[in-house]
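*Asks:* Please find the sequence and the predicted model below.
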Amino acid sequence: MRPVPIILALLVCAAIATFVIKGGNSAAPKEDTPESSPAIAGEFPPVSVLVQKSVAQPVTSGIVLRGQTEAFRQLEVRAEVDGKVISQPLRKGTLVTEGQLLCELDVGTRQAAIAEAKARYEEAKANNKGAAGLVQKGIISETAAFSREAALEAAQANLDRAQREYNNLKINAPFSGLLESDTSEFGSFIQRGSPCATVLQLNPMKLVGFATEEQVARITENAQAGARLLSGRQVEGKVTFISRRADSVTRTFRVEITVPNDDGKLRDGSTADIYIALSGEKGHIIPQSALTLNGDGILGIRAVKDNKATFLPIEVIRDSAEGIWVSGLPAETNVIVVGQEYVTDGREVSVTFKEES
């Protein structure tokens with residue numbers, strides 16, 4: 001046997017054993033240096049964002065209520081005496097003026113009652129004449145004089161009552177308006193308290209809506225208001241009444257707006273969308289896409305201050321075609337409108353301002 005192959009085999013095994021014992025790499029391990037670690041080398045580079053300069057301005061905001069039109073006044077005109085109607089009826093829809101005759105009742109025996117009351121009055125007046133002098137002369141007693149004076153006052157009262165009943169035979173319109181019902185028919189008998197006609201005053205007209213407790217706290221009297229009817233017509237007026245008592249069922253408050261109706265085309269009971277303007281509030285108008293949420297789920301925006309991003313909470317006032325109106329921001333704010341989702345509080349940003357259109 002030749003010894004050379006055996007010696008070579010032993011040398012190879014020794015070399016392999018040495019390689020395994022030393023871990024397969026005789027080179028010294030390299031130590032990490034600050035230059036070799038990008039995470040430790042320095043801060044992250046600034047994030048490029050698009051910023052809109054926003055300045056607070058008065059907000060044209062308001063409250064929308066669902067409501068309806070209502071006659072400014074509605075009155076059922078009733079008879080104050082009994083009697084038969086002797087006037088021709090006026091048909092519903094007729095325009096009447098203040099003081100116009102609606103119903104006239106038969107005189108009956110009322111003229112005779114007036115004549116009798118006048119005679120009683122003249123008699124009592126004559127009996128009472130000179131009563132004071134007769135008392136001084138001792139002809140009559142003071143008690144008799146007082147009785148004569150009381151009889152005179154009673155006769156005067158009876159005469160006034162008879163005259164008043166006679167005057168109440170004519171029932172007139174208390175104000176100018178529209179007849180909602182026919183007046184009493186000719187020949188019909190109406191009793192005291194029976195209706196003669198129903199009159200609506202339609203100029204001006206009322207708009208009636210019901211506001212929630214939160215809404216009514218923001219509404220003031222004389223505030224500008226308007227409405228759009230289902231017909232498409234728009235009207236404007238002012239708030240004239242705000243109820244201090246809530247409806248027991250809906251827990252809402254009645255609000256009334258008075259609007260002109262010179263042409264008489266507004267009808268009682270028409271559906272209306274009522275808009276009441278609010279004043280004195282300032283806010284910012286920003287793109288709706290600029291809104292974001294922080295880690296706690298609070299709605300707000302990202303703004304730039306000292307070249308760093310910061311989160312500012314906001315409250316939404318209302319939206320519009322130009323954007324969304326918000327409050328809660330400083331008077332002048334640099335709002336991030338693009339890139340707000342890629343920054344956190346304190347992150348440095350590279351600002352590009354949005355050109356004003």
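*Replies:* Great, that's in hand. Residues are numbered from 1 along each chain as shown.
*Asks:* Alpha carbons of the one helix or strand Ala71 maps to, in PDB - could you do that?
*Replies:* Assigned by DSSP states H and E, Ala71 belongs to strand 61-78. Only the C-alpha atoms of strand 61-78 are listed here, as PDB (Å, rounded to 0.1, in the frame of the first residue of the first chain):
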ATOM      1  CA  SER A  61     -75.500  80.100   7.800                       C
ATOM      2  CA  GLY A  62     -79.000  79.300   8.900                       C
ATOM      3  CA  ILE A  63     -81.500  76.800  10.200                       C
ATOM      4  CA  VAL A  64     -84.000  74.900   7.900                       C
ATOM      5  CA  LEU A  65     -87.400  74.100   9.300                       C
ATOM      6  CA  ARG A  66     -90.300  72.200   7.700                       C
ATOM      7  CA  GLY A  67     -93.500  74.200   8.100                       C
ATOM      8  CA  GLN A  68     -96.500  75.700   6.400                       C
ATOM      9  CA  THR A  69     -98.200  79.000   5.600                       C
ATOM     10  CA  GLU A  70    -100.900  80.200   7.900                       C
ATOM     11  CA  ALA A  71    -103.400  83.100   7.800                       C
ATOM     12  CA  PHE A  72    -102.300  86.100   9.800                       C
ATOM     13  CA  ARG A  73    -105.700  86.100  11.400                       C
ATOM     14  CA  GLN A  74    -108.700  83.800  11.200                       C
ATOM     15  CA  LEU A  75    -111.900  84.800  12.800                       C
ATOM     16  CA  GLU A  76    -115.400  83.200  13.000                       C
ATOM     17  CA  VAL A  77    -117.700  86.200  13.100                       C
ATOM     18  CA  ARG A  78    -120.700  85.400  15.300                       C
END
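*Asks:* after it comes which helix or strand?
*Replies:* With elements assigned by DSSP H and E, the helix or strand that comes after strand 61-78 is strand 83-84.
*Asks:* contacts for the very next helix or strand once past that next one?
*Replies:* Using DSSP H and E, the helix or strand that follows strand 83-84 in sequence is strand 95-96. Strand 95-96 is contacted from outside by 90, 102, 173, 176-179, 199, 264, using CB atoms under 8 Å, 6 or more residues apart in numbering. Bear in mind the C-beta positions are built from the backbone N, C-alpha and C, glycine included.
*Asks:* Would you convert those residues into JSON lines that also reports secondary structure?
*Replies:* Formatted as JSON lines, the contacts of strand 95-96 follow (DSSP: H, G, I helix; E, B strand; the rest coil):
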{"residue": "Leu90", "secondary structure": "coil"}
{"residue": "Leu102", "secondary structure": "strand"}
{"residue": "Ala173", "secondary structure": "coil"}
{"residue": "Ser176", "secondary structure": "coil"}
{"residue": "Gly177", "secondary structure": "strand"}
{"residue": "Leu178", "secondary structure": "strand"}
{"residue": "Leu179", "secondary structure": "strand"}
{"residue": "Val199", "secondary structure": "strand"}
{"residue": "Gly264", "secondary structure": "coil"}
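*Asks:* what residues are up against Gln68?
*Replies:* For Gln68, the contact set (CB under 8 Å, 6+ apart) comprises 207-208, 269-272.
*Asks:* So which of those residues wins on neighbours?
*Replies:* Taking other CB atoms under 10 Å as the neighbour criterion, Leu207 ranks highest of the contacts of Gln68 with 28 neighbours.
*Asks:* low pLDDT regions in the stretch 101-250 of the chain?
*Replies:* By pLDDT under 70, the weakly predicted segments of the stretch 101-250 of the chain are 132, 135-137.
*Asks:* Name the pair among the contacts of strand 95-96 with the greatest separation in space.
*Replies:* For the contacts of strand 95-96, with distances taken as CB to CB, the pair at the greatest spread is Leu102 and Gly264 (19.4 Å).
*Asks:* Would you mind telling me which of these two has the busier surroundings?
*Replies:* Per other CB under 10 Å, whichever of Leu102 and Gly264 has more neighbours is Leu102, with 21 against 11.
*Asks:* Please look at the more buried one and Asp182 and confirm they touch.
*Replies:* No - using CB atoms under 8 Å, Leu102 makes no contact with Asp182, being 10.3 Å away.
*Asks:* shared neighbours of those two, which are they?
*Replies:* What both Leu102 and Asp182 touch, as defined by CB under 8 Å, 6+ apart, is the set 90, 197.
*Asks:* Next, please give the residue ranges for the helices of the protein.
*Replies:* For the chain, applying DSSP state H gives helices covering 4-21, 38-41, 110-128, 131-136, 142-167, 213-216.
*Asks:* Would you mind giving those as a markdown table with distance to Gln288 and mean neighbour count added?
*Replies:* Conversion of these to a markdown table gives the following (distance: least, CB to CB, whole Å; neighbours: other CB atoms under 10 Å):
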| stretch | distance to Gln288 | mean neighbour count |
| --- | --- | --- |
| helix 4-21 | 68 | 10 |
| helix 38-41 | 37 | 8 |
| helix 110-128 | 77 | 15 |
| helix 131-136 | 94 | 13 |
| helix 142-167 | 70 | 15 |
| helix 213-216 | 23 | 14 |
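*Asks:* can you redo the ones you listed as CSV with distance to Leu293?
*Replies:* Below are the helices of the chain laid out as CSV (distance: least, CB to CB, whole Å):
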stretch, distance to Leu293
helix 4-21, 58
helix 38-41, 28
helix 110-128, 83
helix 131-136, 97
helix 142-167, 76
helix 213-216, 24
